[in-house]
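Novice: pasting the structure only:
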């Protein structure tokens with residue numbers, strides 16, 4: 001599994017600082033096969049347009065992910081994690097966390113969705129939150145939140 005980043009600063013700095021740990025975390029997620037996953041930071045307008053197009057909703061969302069199963073193909077696009085920069089900042093302020101921390105959590109959340117986990121039901125959401133928290137501990141222990 002290879003993670004690639006498409007977006008501007010400061011997001012690239014946060015991604016580059018955690019890419020090795022994120023890659024190790026992705027390797028430990030059941031359901032993620034070989035291939036590339038692209039992580040992109042989008043504008044609020046782009047996120048709203050995608051949310052409307054694919055989910056029929058008109059609200060601001062923090063992360064959208066798409067999986068493209070390609071069994072056995074290491075050279076193909078396996079998925080995309082699309083993150084709202086504005087929602088990342090909003091959540092960091094709301095929860096008293098750094099933007100980097102929230103950014104990492106959203107990447108992990110998207111990866112878990114690509115692996116097949118859901119958070120629509122209460123039990124699914126709890127299971128996903130536990131897994132995300134466990135993965136975040138390993139990614140963020142590679143250095144202090146900054």
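Specialist: On my side now, so go ahead. Worth saying up front: this structure is predicted, and the values here are computed from it rather than measured.

Novice: once you drop chain neighbours, what's closest to residue 26?
Specialist: Distance criterion CB to CB, 6 or more residues apart in numbering; nearest residue to residue 26, sequence neighbours excluded, is residue 1 at 4.7 Å. Where C-beta positions appear, they are placed from N, C-alpha and C, glycine not excepted.

Novice: for the residue nearest the centre of the chain, give me its contacts.
Specialist: Residue closest to the average C-alpha location in the chain (CA atoms, centre = their mean): residue 107, at 1.8 Å. For residue 107, the contacting residues are 3, 15, 22, 39, 63, 81, 83, by CB atoms under 8 Å, 6 or more residues apart in numbering.

Novice: touching, residue 69 and residue 33? I think so.
Specialist: Yes: counting by CB atoms under 8 Å, residue 33 is a contact partner of residue 69 at 7.2 Å.

Novice: so the two - more neighbours on which side?
Specialist: In terms of neighbours (other CB atoms under 10 Å), residue 33 is the more surrounded of residue 69 and residue 33; the figures are 16 against 13.

Novice: checking the more buried one next. Helix, strand or coil?
Specialist: What DSSP: H, G, I helix; E, B strand; the rest coil gives for residue 33 is coil.

Novice: about what we covered before: ok, the residue nearest to residue 26 touching residue 28?
Specialist: No: taking contacts as CB under 8 Å, residue 1 lies outside contact range of residue 28: 10.0 Å.

Novice: quick one: which of the two has more around it?
Specialist: residue 1 (19 against 11).

Novice: quick one: the more buried one and residue 122, what's the gap?
Specialist: Per CB to CB, to the nearest Å, residue 1 is found 29 Å from residue 122.

Novice: got phi/psi on the nearest residue to residue 32 once chain neighbours are set aside?
Specialist: In space, and not counting its chain neighbours, residue 32 is closest to residue 115: 4.9 Å by CB to CB, 6+ apart. Residue 115 adopts backbone torsions of phi -70, psi -10, taken as degrees, to the nearest 10.

Novice: verify the stated contact: residue 115 with residue 28.
Specialist: No: if you go by CB under 8 Å, residue 115 and residue 28 don't touch, sitting 10.4 Å apart.

Novice: element containing residue 23, please.
Specialist: Secondary-structure assignment from DSSP states H and E places residue 23 in helix 11-27.

Novice: tell me which residues of that helix are tucked away?
Specialist: 11, 14, 15, 18, 19, 21, 22, 25, 26 (16 or more other CB atoms under 10 Å).
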